[in-house]
Every structure is written in structure tokens, then in C-alpha cells.
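Q: please work out how this folds:
(2 chains)
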Amino acid sequence: MFVNEPVITVTHGVVGYDGRPVLRDVSVAVTAGEVVAVLGANGSGKSTLIRAVLGLVPLAAGTVELFGTPLRRFRQWHRLGYVPQRLGAGSGVPATVREVVASGRLARRGVLRPPGAADRAAVADALDAVGLADRAGDPVATLSGGQQQRTLIARALAGRPDLLVLDEPTAGVDAASQEAFAGALRGFVDGGGTVLLVAHELGPLRPVINRAVVVHQGGIAHDGAVPEPAGHHAEPGHDHVHPHGPDEPVGLWSR
Amino acid sequence: MSIELFQYPYMQRALIGALVIGLAAPALGIYLVQRRLALIGDGVGHVALTGVGAGLLFNQSPVLAAVIAATLGAVTIELVRARGRTSGDLALALLFYGGIAGGVMLVGLSDSTSANLNTYLFGALTTISPTDLTTIAVLGATITVVMLALRPALFAVCHDEEYARVSGLPVRTLNLLLAVATAVTVTIAMRAVGVLLISALMVVPVATAQQVTRGFLSTMGAAMTLGLFAAGGGVWVAANADTAPGASVVLLAIASFLVVAVLGGLWRVVRRRNTPDPTPVAEPSEVVLR
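A: Numbers count the residues shown, from 1 in each chain, chains lettered A, B, ... in the order given. Below is the predicted model:
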């Protein structure tokens, strides 16, 4: 990828749920090599923004382009790694960490081709990058919340994407996992990757982020340097947790 | 014990048919359990019964008519599910009960006896003709091969549908494939255990396996083995004790579930007794409130 190559371009994007506008006329551009944090209160529309970028919610107006291609015609899904907020509320059938991470290779391999040596190597590398190599054979349901989150990051990394899109990757995650996650992200960025992440708290991620977009009431309130935390938010070790807004899905299986 | 019974061709066909279904049903069922649609086989079976009734009424092949009705039903259920609104629940209820009521009514209108209806409600393994067996074997083998070959993609879709969509997988096609596979499996299993017991063969072996397995592939392998065991053992029990084959197969599957549950529980207790408590490692708390 070349520097300044457009990676994500949202132009005048509008999203509404059941007639209620959630994003109004939002324009954001992310270029290659940037690490952009989308910040904002719960219910501000920040999760909706990245779901619109991924094509998971339809735009009522405006356009989204990925790597310079309109979303409707975009087919290079292997260039994109998506990390959802959390693993589905535990599906009925057990799955090992390695099996979940191996799903990340499908965008590259397609549906019909069986996994080969390159796939296995990429899965092993991704597990190493998040520090879960020793848990590869364990059922994901037995992992802590932070380790499950790292599993999802490994799944996205296994596809060797150019762009990572993460939805609140550190929400409710223990400190050790946050550090492991920050390390994995740093490695990805050093390798030339582009990152768009939604966050509530930057925590250990702060040094990696080079731009912040603040979403407020469905519009962009700030786009530029990372804002300094104010008041008690600035205290070291501050970590706060809020109930989630009504427009954020409770889980992958919530519908 | 009477192995001699299996010298008769009709018993051999019953056994082979049961084994094919015992292998194919859990191979599909594991995906249905994973996406929490364990009872969908039941619903599709109800709809298939309308097809049976229509086939009997118009003197067409009941099995062929059932395949068509079940496929239409399964695809409708999938489309309702994909829309994903609460009203889907009620739409499914209408489809299920409409299916069974339609089946009972159409069978009644045709010249068939109620014994004929029972054949489809509870299965009639010993009446499988050589043509039936060929159909069951070909369709059952196809289902098994497709479910095994597409495992990574089907696993991804059933595990995390949004992620699968962002991976560029043909999510809708894969979902419809699962719906059609459900319809086909239901129709071939109808001959073995009947529409009222079909879900049992899809779901119970998976439920048994996942008590002791750690991964998806191992669960799939164990469930298919258990399905084979229940099908073969059920036919053997039915031949020797002169019980209904369908019910014998299902009861054997449920008995396996109970045995594994009890043994698994005992094993966990024994292991806890034998290994001294390790010093509890404090798991870092997920959330720090200050």
C-alpha cells in the first residue's frame, strides 16, 4: 500500500434505524497507515459508523468506499479484518480457539478450497501475536472475556489484512489482555497496516493512535489530534464502565 | 441372539438405510444446533407431511412430494429467520401446525388408511424398497459429503454470521444450502424414524457428543459415530425385541446421552478428588470499578 492511498472514505453518510436518524451527514476519510480512533458516548452513533463502513447496516444516503471501490462493488474482503465487540453469547457447540481463528482465513481461501500449510502457518502466527498459542486447543467458552477478545483479534489477523476494523476491542477487558492487545496492534501498524477502531477508553492503546474522530449525536464533533482526558478521566488507572446504549447490539445472536 | 433375521433382504435394507441416516443426520444437525435452530428439523418435518398427503391424494410419489414441500418450508423458514424480527416466531408456528394439519387432512381425503399415515409419522424402516434404499443412500451420502467438505465456511456462518458476511462469504447461499439440506435429510429420515422423531437423530447425538468434546470437528466426528451406533443398535434391538425401529433408534440415542452425562459427571468428580486443588490463580478482574 502507498501512503495516502484512500482506505476508507465515507461521504455524506446517513443511517437511520426505523426512521430514527443515527448518523447524519457524516464524512470521514482514512488513508493507508493511519490509526484512527472513533470516540464518543454510548448511543452517539460511533458503532453505527463502523457498521456502515463494513456494510452491516445500509446507508440511507451518501457513499462508502473501501480501498477506492464503492462498497457495493467491493470484493477484496481479504484486505479487511473485522473484530466485533464480543463473541456470540456462546453458541451451543464447543469450538476450539484454533477453530475460531481459522475462520479468519476464509476471506482469502474462499468456500471450496480446503485449508493448506499457509493457512495453518497464518493461524499459528496470529495466535502467537495475541499470546494465545498455549490455549489453541481449548474451547473458547472456557476463556476469560479478555482472552475471547484476543481470539477475535487473532481471527482478524489470521487473514493478513491491510485494514483492521475493531468495535470497542478493550471494553470490559482485563489489563493483561489490554496490554497483549496493544502489542498485537503495534505489530500490525509497524507492518504498514491501517486501523479504524471504536473505543470508549484508549488506555494502553493511546500511544498507537495517531488521529481521533469524535462522534456526538450522530455527527462528527472533532477530527484531529487525540483529545486529552479531562478531570477524573485523566487519573492513572482510571477505567470506567457504562451500560450499553439501546442501539448497540447485545450480542451476535440478539435478533 | 437372532443374527439370522438379518439374512432377510428387507432387514438388510432397513439396517443400511438406518446407518446412512444415522451418519447424515448429525452431520447436518451440528450446524443447526450451533445456530440454535435445534428444532427446525421438527418444523420442516411437519411441512413434509403435507407433501406426503398431497402425494398420496394425487397418486404421486409421497417421498418426492415431501421433498418439494419440505424444501419450500425450509426455505420459507430461512427467509423469515434472515429478516430476523420477533414476528418470525409466530410465522414459524403457523407453518409448523399448518403443515401437520394439512398433512393429516390430505391423507384423510386420499384412499389411504390411517396405518399409512402412521408409516410417515413414526417411520417404517422394514418397508424400504430397493429403490427407496438407493434414494436414501445417494441423498444421505451427498448430505454427509457436503457437510464435511464445506465445514469451515458453514462453521463460520453458523458461529458468527456478521463476521462471515464481512469475510465476503456467500452467506445467503450457504444459509439456503443448509435449509435445503435440512429438507432432504428430513425426507429421507422420515422413512426411518418418522416426521415426529426426526429432530432427535439430528440433535441428540450432537448434544451427547458436546458434553465431552472440546472442539467443533471432534464434536462432529463423535456425533456421527453416535448416530451410527444409535441407528445400528436401534435396528438390532427392534429386530430382537420386536419393537418399533424408529422409537428404538431414538430411545437408544437418548440412553447414550444419559450414560455419557452420568459418566462425564462421575469422571469430573473423580478427577477433582485425585488432583489436589492447585493454588487458585486470581483471574484478573474483567472490570475494575474505582
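Q: can you give me the distance of B:A222 to B:G264?
A: Going from B:A222 to B:G264 by CB to CB, to the nearest Å gives 12 Å. C-beta here means a position set from N, CA and C on the backbone, and glycine is covered the same way.
Q: and what of A:G146?
A: From A:G146 to B:G264 the distance is 28 Å (CB to CB).
Q: and these two? which has more neighbours close in?
A: Neighbour count, other CB atoms under 10 Å in any protein chain shown: between A:G146 and B:G264, A:G146 has more, with 22 against 13.
Q: neighbours of the residue lying closest to A:I8 once chain neighbours are set aside, how many?
A: Sequence neighbours aside, A:V30 is the residue nearest to A:I8 in space, at 4.2 Å (criterion: CB to CB, 6 or more residues apart in numbering or on different chains). Neighbour count for A:V30, taken as other CB under 10 Å: 21.
Q: can you tell me the element A:V30 falls in?
A: Using DSSP states H and E, A:V30 sits within strand A:20-31.
Q: keeping just the C-alphas, turn that strand into PDB.
A: C-alpha atoms of strand A:20-31 as PDB (Å, rounded to 0.1, in the frame of the first residue of the first chain):
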ATOM      1  CA  ARG A  20     -34.800   7.400  13.700                       C
ATOM      2  CA  PRO A  21     -31.600   9.100  12.400                       C
ATOM      3  CA  VAL A  22     -28.500   7.700  14.000                       C
ATOM      4  CA  LEU A  23     -25.800   9.200  11.700                       C
ATOM      5  CA  ARG A  24     -26.500  12.500  10.000                       C
ATOM      6  CA  ASP A  25     -24.300  13.600   7.000                       C
ATOM      7  CA  VAL A  26     -21.000  12.100   8.200                       C
ATOM      8  CA  SER A  27     -17.900  12.400   6.100                       C
ATOM      9  CA  VAL A  28     -14.700  10.700   7.200                       C
ATOM     10  CA  ALA A  29     -11.600   9.600   5.300                       C
ATOM     11  CA  VAL A  30      -8.900   7.200   6.500                       C
ATOM     12  CA  THR A  31      -5.700   6.800   4.400                       C
END
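Q: quick one: buried residues of that strand?
A: Going by neighbour count (16 or more other CB atoms under 10 Å in any protein chain shown), the buried part of strand A:20-31 is A:V22, A:L23, A:R24, A:V26, A:V28, A:V30, A:T31.
Q: how about those residues in JSON lines, adding pLDDT?
A: Putting the buried residues of strand A:20-31 into JSON lines (pLDDT from 0 to 100) gives the following:
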{"residue": "A:V22", "pLDDT": "87"}
{"residue": "A:L23", "pLDDT": "90"}
{"residue": "A:R24", "pLDDT": "89"}
{"residue": "A:V26", "pLDDT": "90"}
{"residue": "A:V28", "pLDDT": "92"}
{"residue": "A:V30", "pLDDT": "93"}
{"residue": "A:T31", "pLDDT": "92"}
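Q: turn the residues you listed into TSV, columns for distance to B:T131.
A: Output for those, formatted as TSV (distance: CB to CB, whole Å):
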residue	distance to B:T131
A:V22	58
A:L23	60
A:R24	64
A:V26	63
A:V28	63
A:V30	62
A:T31	65
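Q: residues touching residue 133, list them.
A: I went with chain A, as the question did not name one. Listed by CB atoms under 8 Å, 6 or more residues apart in numbering or on different chains, the contact partners of A:A133 are A:A124, A:L127.
Q: not quite, go with chain B.
A: B:L133 neighbours (CB under 8 Å, 6+ apart): B:R13, B:I16, B:G17.
Q: can you name the residue of the stretch 101-250 of chain B nearest chain A?
A: B:G168 (3.0 Å; CB to the nearest CB).
Q: give me the distance between B:P9 and chain A.
A: Distance, B:P9 to chain A, by CB to the nearest CB, to the nearest Å: 38 Å.
Q: now do the helices in the stretch 51-200 of chain B.
A: For the stretch 51-200 of chain B, helices defined by DSSP state H, counting those that start in this stretch occupy the ranges B:62-83, B:87-109, B:114-122, B:130-149, B:151-159, B:161-166, B:171-193, B:198-209.
Q: centroid-nearest residue for chain B?
A: B:M202 (2.1 Å; CA atoms, centre = their mean).
Q: quick one: contacts for it?
A: Taking CB under 8 Å, 6+ apart as the test, what B:M202 contacts is B:A25, B:P26, B:L28, B:G29, B:L32, B:V33, B:A38, B:G41, B:T185, B:A189.
Q: again with B:A153
A: A:L106, A:V111, B:A164, B:L169, B:L174.
Q: adding distance to B:T119, write those residues out as JSON lines.
A: As requested, the contacts of B:A153 are exported to JSON lines (distance: CB to CB, whole Å):
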{"residue": "A:L106", "distance to B:T119": "43"}
{"residue": "A:V111", "distance to B:T119": "39"}
{"residue": "B:A164", "distance to B:T119": "40"}
{"residue": "B:L169", "distance to B:T119": "40"}
{"residue": "B:L174", "distance to B:T119": "34"}
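Q: ok, and the most crowded of those residues?
A: Busiest of those [other CB under 10 Å] is A:L106, holding 27 neighbours.
Q: can you pull the contacts of it?
A: A:G159, B:P152, B:A153, B:A156, B:A164, B:S167, B:L169.
Q: show me where the stretch 1-150 of chain A has helices.
A: Remark: helices assigned in the stretch 1-150 of chain A by DSSP H, counting those that start in this stretch are A:46-53, A:97-102, A:106-109, A:117-129, A:145-158.
Q: coming back round to it: separation between the closest residue to the residue of the stretch 101-250 of chain B closest to chain A other than its chain neighbours and B:Y163?
A: Spatially, and ignoring its direct neighbours in sequence, B:G168 is nearest to A:W77 (3.0 Å; CB to CB, 6+ apart). Per CB to CB, A:W77 is found 11 Å from B:Y163.
Q: okay, the two: which has more neighbours?
A: Counting neighbours by other CB under 10 Å for A:W77 and for B:Y163 shows that B:Y163 has the greater number, 29 against 21.
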